[in-house]
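A.B. asks: quick one, structure for this:
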Amino acid sequence: MSLFFRMVALLALPALLSGGAAPVFQAQEATPPGAPVGPPPSQISLSDAIRMGMENNLDVKVASVTPRIREQNILLREAAFDPNVRIFAEKRDDTFPTALRTVSGGTAAASISGSEEVIFPFARKQENYTISFQDPLRWGGSYQAQLDMTREITSSADAFLPLQYQTALFLAYNQSLLRNLGKSVNETQIVLAQNNNEMSRSEYRSQVFVSLQDIEDAYWELVFARQDLQVKEESLRLAQELLKLNRIKVEVGTLPPIEITTAEAEVASRDQGVIVAENTVRDAEDTLRRALNMPKGGDAWLRPIEPTDEPSFLERPVDLQQDLEVALANRPDLVQARLEVDNANTRLAFDKNQLKWDLGFRGTYLLSGLAGDNPSFFDPNTGTFFVVPLNEDFIDSYDSLAGGDFDSWSVSLNLNIPIGNNAAQANYTASRLALEQAEVSYERARLGAEVEVRIAARAILTNRKRIEAAEKNVELQRKKVEAEQKKFENGMSTSFQVLEFQEDLTTALGQKNRALVDYRKSITALEQAKGTLDDYLNVTVQ
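C.D. replies: Residues are numbered from 1 along each chain as shown. Next up, the predicted model:
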């Protein structure tokens, strides 16, 4: 019986502990004994994760609203130069008491003796119509055209034309000649609103980049966590197999019992590593779910996430000078900083203009027309005047106006000289300081961007070297494990040494996986630092 166990041990040992490096730590899914059975995993690629994140990310949704608000602010500022049409219509009917002197015959005779005063009603009816057009101009002027029409009937005995049609065409032009002269100063608020809109778009783009980087980093971290779990599960399996073999060898008398204790201790240690790695996978899944803003309903937060992309090596040449130039042109924060400088320059130019005296020009021209008749009669029975309407109308008044016989014009200059002009001086000084501040802020942002690009570029080079070193380390660690296994087979080593070399190989595999993930993340970080992450991930930022 003892000979039989020795033969079994000799036959099983090479199969369990040797056989080359490739099958020793081959990645595979393993379900720990007693693990709860849940819903099947949700497979997701990196491109799908990015698409889902852009559709659901709350930060992106919030940032996308601001540009639309700023667009309305541009329209609000441009509305200051919208022309205006005003139409006015009025109808009035007035009756006032008036006194006349009459004689016994009922004829009006104010100077005849024996006359008496009689209170008569004075009636007046009016229809007033006005249409005017005003247009503020972007170079600091404005013009106005107004047409007034009035139809009036009066019972006054003193009225020469009790029935009148009056028309008046009024033209006026106002122009600032010193302060507020020119399009640049009058469009200041529009320019500021346009720049603010561009800044909000850059802020939105920046938020998209942050979300994209968060999604990709979370995706690769989940990939690494699952790889690390697989490596640790395989390491645990090998320790368990060695424990089984040691028990056989102790039973057949080729190993001392202490070797079982050594193997059991290592199995317990590696089992803890698997437990921690499983929790790390769950944490990484939740981090990705949060980045994707997965809905709460259904089993989206219960199903494991299985990434389908692997962090394979992707050649990324680094040209630091070119990367710096691209960053200066594309980074959203630098775009915002440049727009802040433009805004500061625009405000400074406006406030400098406000230091000037206020000289205004105004020119007016008025054409008037009148038509009517005197068909008034006195009714002795009622003691009132009444009017017999004729065929006069506004057309006759327009003919009178068009003749140009009744016109008037005026020109004027109005100079306003502020004494001290302290308010304008204070605004100008504040704007000049704000410009200096904006320029310094831009320089600070530029330096920060350059440092980020340099760090990200070095990280790519460093991680590339880490991958090469890690691959070499894995190869050497596998050879060490193979050699130690052969020594163990020949009784020249112990299970403790074999387990130590296995652990070294586990560490080397984890370092290799870590280096690959860090390399892919460093590429993303460089694209983020350059402001080209959307092009790199084929994402269109509206």
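A.B. asks: now the helices for this structure?
C.D. replies: Secondary structure of the chain (DSSP state H): helices at 2-17, 46-56, 58-78, 183-186, 188-252, 258-292, 320-330, 332-353, 394-402, 422-489, 495-530, 533-536.
A.B. asks: quick one: closest of the ones you listed to Thr130.
C.D. replies: Distances from Thr130 to each of the helices of the chain were compared using CB to CB; the minimum, 13.2 Å, belongs to helix 394-402. No exception for glycine: its C-beta is placed from N, CA and C like everyone else's.
A.B. asks: next, the buried residues of that closest one.
C.D. replies: Buried residues in helix 394-402, counted by 16 or more other CB atoms under 10 Å: Phe394, Asp396, Ser397, Tyr398, Ser400, Leu401.
A.B. asks: got the domain ranges for this protein?
C.D. replies: Domain assignment for the chain, taken from automatic domain parsing, gives 2-23+41-56+190-344+432-536, 90-136+141-179+361-416.
A.B. asks: could you tell me the least trusted of the ones you listed?
C.D. replies: Of all the domains of the chain, mean pLDDT reaches its minimum on domain 90-136+141-179+361-416 (a mean of 75).
A.B. asks: so who does the residue nearest to Val341 when sequence neighbours are not counted touch?
C.D. replies: Closest residue to Val341 apart from its sequence neighbours, by CB to CB, 6 or more residues apart in numbering: Ala438 at 4.6 Å. If a contact means CB atoms under 8 Å, 6 or more residues apart in numbering, then Ala438 has Ala337, Glu340, Val341, Asn343, Ala344 as its contacts.
A.B. asks: separation between Ala438 and Asn343?
C.D. replies: In this structure, Ala438 and Asn343 are 7 Å apart, going by CB to CB, to the nearest Å.
A.B. asks: so which residue is dead centre in the protein?
C.D. replies: Nearest to the mean C-alpha position of the chain, by CA atoms, centre = their mean, lies Tyr204 at 2.7 Å.
A.B. asks: okay, now the closest residue to that residue other than its chain neighbours: neighbour count?
C.D. replies: Distances taken as CB to CB, 6+ apart place Ala63 nearest to Tyr204, at 4.4 Å, with adjacent residues excluded. A count of nearby residues for Ala63, using other CB atoms under 10 Å, gives 20.
A.B. asks: state the distance from the residue nearest to the centre of the chain to Ser211.
C.D. replies: For Tyr204, the distance to Ser211 equals 11 Å [CB to CB].
A.B. asks: repeat that for Asn279.
C.D. replies: Counting by CB to CB - Asn279 and Ser211 are separated by 26 Å.
A.B. asks: so these two - more neighbours on which side?
C.D. replies: It is Ser211, of Asn279 and Ser211, that has more neighbours when counted by other CB under 10 Å, with 22 against 12.
A.B. asks: tell me the contacts of the more buried one?
C.D. replies: Gly53, Met54, Asn57, Asp59, Val60, Ala291.
A.B. asks: run the last query once more with 6 Å
C.D. replies: Contacts of Ser211 were listed using CB atoms under 6 Å, 6 or more residues apart in numbering, and they are Asn57, Asp59, Val60.
A.B. asks: give me the buried entries from the residues you listed.
C.D. replies: By 16+ other CB under 10 Å, the contacts of Ser211 give Asn57, Val60 as buried.
A.B. asks: chain neighbours aside, what residue packs nearest to Glu203?
C.D. replies: With CB to CB, 6+ apart, the residue lying closest to Glu203 is Ala63, at 6.3 Å.
A.B. asks: right, I mislabeled it, should have said Ala529
C.D. replies: Spatial nearest neighbour of Ala529, chain neighbours left out: Glu452 (4.1 Å); criterion: CB to CB, 6+ apart.
A.B. asks: circling back: which among the helices of the chain is found nearest to Phe88?
C.D. replies: With respect to Phe88, and counting by CB to CB, the nearest of these is helix 394-402 at 15.8 Å.
A.B. asks: packing partners for the closest one?
C.D. replies: strand 163-176, strand 358-373 (3 or more CB pairs under 6 Å, 6 or more residues apart in numbering; DSSP states H and E).
A.B. asks: mind listing what the longest one pairs with, with the direction of each?
C.D. replies: Read it as strand 358-373. Paired strands of strand 358-373, with direction, are strand 163-176 (antiparallel), strand 407-416 (antiparallel) (DSSP bridges).
A.B. asks: so for the residue nearest to Glu203, what's the pLDDT?
C.D. replies: For Ala63, the model assigns a pLDDT of 86.
A.B. asks: from Ile248, how far out is the nearest residue to Asn73 once chain neighbours are set aside?
C.D. replies: Of all residues not flanking Asn73 in the chain, Ala193 sits nearest, at 4.8 Å (CB to CB, 6+ apart). Ala193 sits 83 Å away from Ile248, taking CB to CB as the criterion.
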